[in-house]
Every structure is written in C-alpha cells, then in structure tokens.
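S.K.: Okay, predicted coordinates and the sequence, questions at the end:
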Amino acid sequence: MKVQSVKKAFTAAVPHTIPIFAGFWFLGLTYGIYMNVSGFSFWYPMWMSLTVFAGSAEFVAVSMLLGEFHPLQALAMTLMINARHLFYGISMLERYRGTGLKKFYLIFGMCDESFSINYTADIPGDVDKGWFMFFVTLLNHIYWFTGATMGGIFGAVIRFNTKGLDFVMTAMFVVIFMEQWMKEKNHIPALVGLGISLCCLFLFGADNFIIPAMLAILGMLTLMKKSIAVGVMG
C-alpha cells in the first residue's frame, strides 16, 4: 500500500514539472557551457548543481571562483541573491508540517519553481502531500543537475550564441502567474504584488528592488489578510 501511494504521488507530480524541465534544461545547459568556456571542467557544474542547487548564485559563483577569495563578500552576495527564500520558507512552514524526514530535503531543494508548484498546486485528496512535494522538488533538482552536467560535458564542442536563453525562465513564470490568475477569483493579492513590485522597481532600480518589494508585499498582505479572506469567502 505504501509503494502504491508513493507511485501515485510521483505520477501526480510529474505533469506539474514538465514546464520546469524545459526551462531548467535550457538554462542548465547554458550554465554548463558558461562554466566550460570560463575554464572549468564539467565536474564543476555537475557538483555545484547537485550540492548548491541555486541557479542565480551558481552563475554568479563563476566570477567568484575566477577572482580573489573573499568569503564575506561571497556570503553577502549569496544572501542578497537568495534572500527571497526566507519568505518562501515562512510561507511553506504549514505545508511542510508532518512530512517527516522528507522535510530536510524539501528545505534544501526548495527553489523558485518548486516553491511555486508546491505552494499553489491542488493536490488530489488521495495523493500523499509529502511525497508529492518531495517528487516535485526531486524532479526539478534532477532537471537542473542533468542540464548543467550535459552543458559542461558538451560545452567544449558546442558553439552557438546562448544569449537570451535565460528568458525561458521568465516566460515560464509569466505562464504560472497567468494560470493562477485564471484559477483564483480574488485578484487582490496578485494586483497588490504587481503594484508594489513596479513601485519598488521604479524606486530602487532593477538590481535592488526584489528584497524591498517582498518585504512590502509581505507587510501589505498581512495588513489586508482579513479583508482578502472576506473577499474569498464572498
């Protein structure tokens, strides 16, 4: 019965990760090729994608590895790039409750895409929630790992312009946003998020708006929690 439950969770998780597969393979290949042309063998993107699993930070790590060793600067840069994961973690506290030992991998492997799926997916009642989220996280990790490794291996022989491939991920998030927009009847949280993000983009610039925007969104949605709940019930 347990094996059947795990299989059912895996079968339910796979379709949700197919769009991620396309995006991660393109971006992972790009990362592997980038590492290769920067002078690193395929071992570097392979092990970094397996143990670090933080796409943006992995790209930035290339320049860090090529430059002088500044551990505090590397720590500050990584925190700045991935600070949004603090908010992801807070949002997933309840959903990760009761998942047992799987929680440790769910925490380690939570990326933007896994968070988006695990937080918003309508998991069928007969599917184990913990195993569903585990397989979503594991599959996304495998997609990134295999893409980065293949890019590192074939980077020496593949010669093409990779500029623009990272837009695949932007397009994917637009699709996820539109799906949520069409599914939800109450669009207030989405409009609040868009409005605050645009204001912060104007005030702080493209390189510094993410953290202020997320803090402002969290604060605003917390203040509006009751009115949003009333809107949903109505």
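M.R.: Looks like it came in fine. Numbering: from 1, shown residues only.
S.K.: Now His85. Nearest residue, chain neighbours left out?
M.R.: Nearest in space to His85, with sequence neighbours left out and distances taken as C-beta to C-beta, 6 or more residues apart in numbering, is Met110 at 6.8 Å. Every C-beta, even on glycine, is put in place using the N, C-alpha and C of the backbone.
S.K.: How many residues are close by the one you found?
M.R.: Neighbour count of Met110, defined by other C-beta atoms under 10 Å: 22.
S.K.: quick one: Ser91 and Thr120 touch, right?
M.R.: No: using C-beta atoms under 8 Å, Ser91 is not in contact with Thr120; the gap is 10.6 Å.
S.K.: Buried residues, the longest helix along the chain. List them.
M.R.: Counting residues, the longest helix in the chain under DSSP state H turns out to be helix 2-37. By neighbour count on 16 or more other C-beta atoms under 10 Å, the buried set for helix 2-37 is 8-10, 12-13, 16-17, 19-21, 23-36.
S.K.: cool, and stretch 87-96?
M.R.: 88, 92, 95-96.
S.K.: ranges for the strands of this structure?
M.R.: With DSSP state E, there are no strands along the chain.
S.K.: where in it is pLDDT low?
M.R.: Residue ranges of the chain with pLDDT under 70: 1, 158-173, 175-176, 179-180, 228-234.
S.K.: Domain parsing of it, as residue ranges.
M.R.: Listed domain ranges for the chain are 2-167, 184-234 (source: automatic domain parsing).
S.K.: most tightly surrounded among those domains?
M.R.: Most buried of these by mean neighbour count (mean count of other C-beta atoms under 10 Å) is domain 2-167; its value is a mean of 17.
S.K.: that older thread, closest to Leu106 among the buried residues of stretch 87-96?
M.R.: Tyr96 (5.7 Å; C-beta to C-beta).
S.K.: Touching, the closest one and Tyr105? I think so.
M.R.: No: in this structure, Tyr96 is not within contact of Tyr105 by C-beta under 8 Å, at 10.6 Å.
S.K.: that older thread, export the domains of the chain to JSON lines and tack on distance to Val174?
M.R.: Shown next, in JSON lines, are the domains of the chain (distance: least, C-beta to C-beta, whole Å):
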{"stretch": "domain 2-167", "distance to Val174": "10"}
{"stretch": "domain 184-234", "distance to Val174": "12"}
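S.K.: Out of those, the one nearest Phe177 is which?
M.R.: Closest approach to Phe177 among these is made by domain 184-234 (7.4 Å; C-beta to C-beta).
S.K.: now that closest one, how far from the chain's geometric center?
M.R.: 19 Å (C-alpha atoms, centre = their mean, to the nearest Å).
S.K.: Now for Glu58: which residues touch it?
M.R.: Glu58 makes contacts with 31, 45, 48-49, 52, 148, as judged by C-beta atoms under 8 Å, 6 or more residues apart in numbering.
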